[in-house]
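Novice: okay, predicted coordinates and the sequence, questions at the end:
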Number of protein chains: 2
Amino acid sequence: MGSRERLVETMSELMWERGYADTSPREVRQRSGVGQGSMYHHFPTKRDLALAALERNVADLLPAASELDGRGDPLARIEAYLMRSRDALKGCKVGRMTQDPQVREDPVLLAPVAAAFARVHASWVAALREAVAAGELRDDLDPERLAHTLMAVLQGGYVLAIAQQDPGPFDDARAGALDLLRAAAPPGRDDTTQTDRK
Amino acid sequence: MGSRERLVETMSELMWERGYADTSPREVRQRSGVGQGSMYHHFPTKRDLALAALERNVADLLPAASELDGRGDPLARIEAYLMRSRDALKGCKVGRMTQDPQVREDPVLLAPVAAAFARVHASWVAALREAVAAGELRDDLDPERLAHTLMAVLQGGYVLAIAQQDPGPFDDARAGALDLLRAAAPPGRDDTTQTDRK
């Protein structure tokens, strides 16, 4: 791994562990083993390095949302994405950056976070539209709106799980969202879609 | 206001603006106008002061959840609480602390956050149970689970709004949750409960 890559990976780890404000360029150099001259050559400021680290976190996380774009039954894809294994106590690397005071006040650092959420939202909207078209969800539901609801369930589920230091509230939050989606089947269809509930 | 109170209020503001790691005792003294001797008399460590500030933030925010405990139609109370005016771009003072790296790793600082969420959860569960009992929600929905879903919608809605620097995703997330709750009326009831949707 080259020195640029080592710097980006180390910054990504440190922002994740401690946040942006509390991570010093010196710690990045110590942990990465990259010298000061090389660091300033690649990244003149801490902010330049943070931006590269954020872009990397986004690139790591976007492929997961591609599950929503797959083929097959739309509601099954939605369920698979909502319920897939996640480390609730670590939270979302991208979402958490919105709560970092120095990141949230910096439009340049927030831009990759906003772009990532916009892309995930588009995937959610497409899957929800397909579920409506397939008669799995009532056609008076608004996919754009519902996409934000389901993204918020995941992002907020992490907040609840971290507060309690227990993945239970995260799992509850998403299972409850799935219950509601199933209850929102068009009239006459809901009995069949509820069969695999607990 | 006494010096203890000034310190707590200032620490609460600074943790909110910058987070815990990035707030120094010196800044607290400068902004509050309280001297070093008095500060160490009341709060021997920064962590003691942070704990008092967190307890204060929790006490400020809990009364809002009492809307859920009121009288009157349960689904109307749920709607009122979910949709009431909130500053989406500021986020939740209590929830945000779960994303502060030094707070989330400190069980003592996390305790008031966990206790606050547990109390809000209990209020949500009670209101949702009443809505089921009143025939406003299907009786196969699990109020404990759904309470976490709705809390997550609010907490996660803030994350989405801050990422986009736009309250729209927050409002979408909660409006979508309300759409789902209305769609989860018992069969035969849903046409009447949908009348005031857009």
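Specialist: That came through, no problem. Residues are numbered from 1 along each chain as shown, chains lettered A, B, ... in the order given.
Novice: and the next element down the chain from the helix or strand hosting residue A:116?
Specialist: Per DSSP states H and E, residue A:116 falls inside helix A:107-133. Beyond helix A:107-133 on the C-terminal side, the first helix or strand identified by DSSP H and E is helix A:143-164.
Novice: got the angle for that following helix vs helix B:143-164?
Specialist: 110 degrees (axes from the mean of the first three to the mean of the last three C-alpha atoms, to 10 degrees).
Novice: can you list the buried residues in helix A:143-164?
Specialist: Neighbour-count burial for helix A:143-164 flags A:143-164 (criterion: 16 or more other C-beta atoms under 10 Å in any protein chain shown). (C-beta placed from N, C-alpha, C; glycine too.)
Novice: and chain B, which of these contact it?
Specialist: A:144-160, A:162-164 (C-beta under 8 Å from any C-beta of the partner chain).
Novice: chain center to stretch A:121-137, what's the gap?
Specialist: On the basis of C-alpha atoms, centre = their mean, to the nearest Å, stretch A:121-137 sits 19 Å off its chain's mean C-alpha point.
Novice: and the residue nearest the centre of chain A?
Specialist: The centre of chain A sits closest to residue A:92, judged by C-alpha atoms, centre = their mean, with a distance of 5.1 Å.
Novice: against chain B, how distant is that one?
Specialist: Per C-beta to the nearest C-beta, to the nearest Å, residue A:92 is found 8 Å from chain B.
Novice: next one: residue A:170
Specialist: Using C-beta to the nearest C-beta, we find residue A:170 at a distance of 8 Å from chain B.
Novice: touching, that residue and residue A:88? I think so.
Specialist: Yes - using C-beta atoms under 8 Å, residue A:170 is in contact with residue A:88, at 3.7 Å.
Novice: between those two, which is the more surrounded one?
Specialist: Under the criterion of other C-beta atoms under 10 Å in any protein chain shown, the comparison of residue A:170 against residue A:88 puts residue A:170 first, with 26 against 23.
Novice: ok, back up a step: so does the helix holding residue A:116 get close to chain B?
Specialist: Yes - Helix A:107-133 lies within reach of chain B by C-beta under 8 Å from any C-beta, at A:107, A:110, A:113-114, A:117-118, A:121.
Novice: now render those as TSV, adding neighbour count, distance to residue B:127 and pLDDT.
Specialist: Below are those laid out as TSV (neighbours: other C-beta atoms under 10 Å in any protein chain shown; distance: C-beta to C-beta, whole Å; pLDDT from 0 to 100):
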residue	neighbour count	distance to residue B:127	pLDDT
A:107	9	39	94
A:110	20	35	94
A:113	26	33	94
A:114	18	34	95
A:117	23	30	95
A:118	12	33	95
A:121	20	29	96
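Novice: closest to residue A:56 out of those?
Specialist: The shortest approach to residue A:56 among the residues of helix A:107-133 next to chain B belongs to residue A:113, at 12.5 Å (C-beta to C-beta).
Novice: look up the closest residue to the closest one, ignoring the ones flanking it.
Specialist: Closest residue to residue A:113 apart from its sequence neighbours, by C-beta to C-beta, 6 or more residues apart in numbering or on different chains: residue B:163 at 4.8 Å.
Novice: ok, that neighbour to residue B:78 distance?
Specialist: Residue B:163 sits 26 Å away from residue B:78, going by C-beta to C-beta, to the nearest Å.
Novice: cool, residue A:158 as well?
Specialist: Remark: distance between residue A:158 and residue B:78 (C-beta to C-beta) = 23 Å.
Novice: give the contact list for the nearest residue to residue A:70 once chain neighbours are set aside.
Specialist: Using C-beta to C-beta, 6+ apart and skipping the chain neighbours, the partner closest in space to residue A:70 is residue A:77 (5.5 Å). By C-beta atoms under 8 Å, 6 or more residues apart in numbering or on different chains, the contact list for residue A:77 reads A:67-68, A:70, A:127.
Novice: which intervals of chain A have sub-threshold pLDDT?
Specialist: In the predicted model, chain A carries pLDDT under 70 at residues A:188-198.
Novice: can we see that at 50?
Specialist: Low-confidence segments of chain A (pLDDT under 50): A:190-198.
Novice: domain assignment for it?
Specialist: For chain A, the structural domains run A:1-44, A:54-193, going by automatic domain parsing.
Novice: most packed of the ones you listed?
Specialist: The highest average neighbour count among these, using mean count of other C-beta atoms under 10 Å in any protein chain shown, belongs to domain A:54-193 at a mean of 20.
Novice: tell me who's in contact with the closest residue to residue A:145 other than its chain neighbours.
Specialist: Leaving aside its chain neighbours, residue A:145 sits nearest to residue B:176 (4.0 Å; criterion: C-beta to C-beta, 6+ apart). Counting by C-beta under 8 Å, 6+ apart, residue B:176 touches A:141-142, A:145-150, B:153.
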